[in-house]
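J.: sequence and computational prediction follow.
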There are 2 protein chains.
Amino acid sequence: MADAKMKILAAACRSLEKKGFHATSMNDIVKESGAPKGSLYYYFPGGKDEIAAEAILASGEETAERIRANLKGGNDFPTALGKFTALIAEQMETSGFSAGSPLSVVAAETSTQPGKVHDACQKAYRSIIGAVQEALEHTGMKASAAAELANFIISTIEGGILLGRCFHSQDPLLSAGGFLQNTLINQNIKEVQV
Amino acid sequence: MADAKMKILAAACRSLEKKGFHATSMNDIVKESGAPKGSLYYYFPGGKDEIAAEAILASGEETAERIRANLKGGNDFPTALGKFTALIAEQMETSGFSAGSPLSVVAAETSTQPGKVHDACQKAYRSIIGAVQEALEHTGMKASAAAELANFIISTIEGGILLGRCFHSQDPLLSAGGFLQNTLINQNIKEVQV
């Protein structure tokens, strides 16, 4: 992907996670990216909807990639998940509680508005939950059980991010992450196989 | 509270959970409530921010009240929580996946925007988490442990609602609720004392 295009998407992500989809204008993305307005329409002729959809997909892929890197083979799953959650909590604080992926904000705003942005949110969540499911399957869990548990894990983390951003504190996410970790230990979830 | 005022707040809640804070205009609330525009400014001289903040507080109180009613004395806590989660999932579907409390949408959108709407989101979450904590304390749990567990429970349910609305399916919330229930059973959380 062209550098200029990636810069625009990164700028869109920052604006979306800070202000949400509806309050983000093309001008906000122009300002945040430093790119000339013409280049936004050159790369994204579909305008704001197209930029937001691509930004959500890119952000979902990046999160899925980070999950794969953090829950990779050789790691004890519960410990690795606890560490990953703590990492998200730290980054959330560093960003002044704006970060936490634009996905959750945009998904919440557009759930009753069919279209490419809503489709992108579904696709991004599928990638993210899929990445957790895959790691769980590599601990020896069956696909259907791993899919259900992955859904529970992502629900808890997304809710923890929501509360953490609202309270401007790492605590809700750290605490939810700790409970998750204990739950997984009690369920005897083991090492991710290479 | 005057009937007219309550109608306006109920209309604001419906619009907020469907479209979010930024995309909801005073005209949307006028249309949804059927009230004359003048009466909106009569009851809420602070305009949209004031209506949204009061709507969030009222919705938070209503949710806390429902939690207290569902997790009341004499109930087995894990079973009652599982039933309550299933009830939310059903209502979410009945509403065409727009419902699930305006709180989560507005909290996600306004987390970096200080002001009365953000304050109302914090206050509403405190009420909701507090209602769960109280029920847990009535199972014999200590206050600090109950507060942490209540935070975990609300994180998981909020995340489940987010995913359920995004996928237009009860499944993510039902599945997350089932895991929660099992986790609580394994932790030996008992009956709520009267």
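T.: Thanks, I have it. Residues are numbered from 1 along each chain as shown, chains lettered A, B, ... in the order given.
J.: what strand or helix carries the residue nearest to residue A:68 when sequence neighbours are not counted?
T.: Residue nearest to residue A:68 in three dimensions, not counting chain neighbours: residue A:131, with 5.3 Å by CB to CB, 6 or more residues apart in numbering or on different chains. To be clear about C-beta, it is placed using only N, CA and C from the backbone, and glycine gets the same treatment. Residue A:131 is part of helix A:116-137, with elements assigned from DSSP states H and E.
J.: show me what contacts the nearest residue to residue A:137 once chain neighbours are set aside?
T.: Closest residue in space to residue A:137, ignoring its immediate chain neighbours: residue A:146 at 4.8 Å, by CB to CB, 6+ apart. Applying CB atoms under 8 Å, 6 or more residues apart in numbering or on different chains, we find residue A:146 in contact with A:133, A:134, A:136, A:137.
J.: which helix or which strand is home to residue A:146?
T.: helix A:143-167.
J.: any idea of the angle that helix forms with helix B:116-137?
T.: 120 degrees (axes from the mean of the first three to the mean of the last three CA atoms, to 10 degrees).
J.: quick check: what element follows helix A:143-167 along the chain?
T.: On the C-terminal side of helix A:143-167, the nearest following helix or strand under DSSP H and E is helix A:171-186.
J.: what's the neighbour count on residue A:122?
T.: 16 (other CB atoms under 10 Å in any protein chain shown).
J.: relative to its centre, which residue of chain A is most distant?
T.: residue A:38 (29.0 Å; CA atoms, centre = their mean).
J.: need the pLDDT of it.
T.: According to the prediction, residue A:38 has pLDDT 92.
J.: pretty sure it belongs to a strand, no?
T.: No - assessed with DSSP: H, G, I helix; E, B strand; the rest coil, residue A:38 is helix; it does not lie in a strand.
J.: for chain A, give me the ranges with low pLDDT.
T.: The model of chain A has pLDDT under 70 over residues A:1, A:100.
J.: what's around the residue nearest to residue A:68, how many residues?
T.: Quick note: residue A:131 (other CB under 10 Å) scores 23 neighbours.
J.: coming back round to it: in the helix holding residue A:131, what's buried?
T.: Neighbour-count burial for helix A:116-137 flags A:116-118, A:120-122, A:124-125, A:127-137 (criterion: 16 or more other CB atoms under 10 Å in any protein chain shown).
J.: and for stretch A:49-62?
T.: Here stretch A:49-62 shows A:50, A:51, A:52, A:53, A:54, A:55, A:56, A:57, A:58, A:59, A:60, A:62 as buried, counting by 16+ other CB under 10 Å.
J.: ok, the residue nearest to residue A:17 when sequence neighbours are not counted - contacts?
T.: In space, and not counting its chain neighbours, residue A:17 is closest to residue A:102: 4.0 Å by CB to CB, 6+ apart. Residues counted as contacts of residue A:102 (CB under 8 Å, 6+ apart) are A:12, A:13, A:16, A:17, A:55, A:56, A:59.
J.: switch to 10 Å and redo it
T.: A:12-21, A:24, A:52, A:55-56, A:58-60, A:121, A:124 (CB atoms under 10 Å, 6 or more residues apart in numbering or on different chains).
J.: now do residue A:161
T.: By CB under 10 Å, 6+ apart, the neighbours of residue A:161 are A:85, A:88-89, A:92, A:97, A:99-101, A:103-105, A:172-173, A:176, B:108, B:111, B:155, B:158-159, B:162.
J.: cutoff 8 Å now
T.: Contacts for residue A:161 (CB under 8 Å, 6+ apart) come out as A:88, A:92, A:100, A:101, A:104, A:173.
J.: quick check: phi and psi at residue A:193.
T.: Per-residue torsions, residue A:193: phi -80, psi 150 (degrees, to the nearest 10).
J.: I figured it was touching residue A:141, is that so?
T.: No - here residue A:193 does not reach residue A:141: they are 10.9 Å apart, not a contact under CB atoms under 8 Å.
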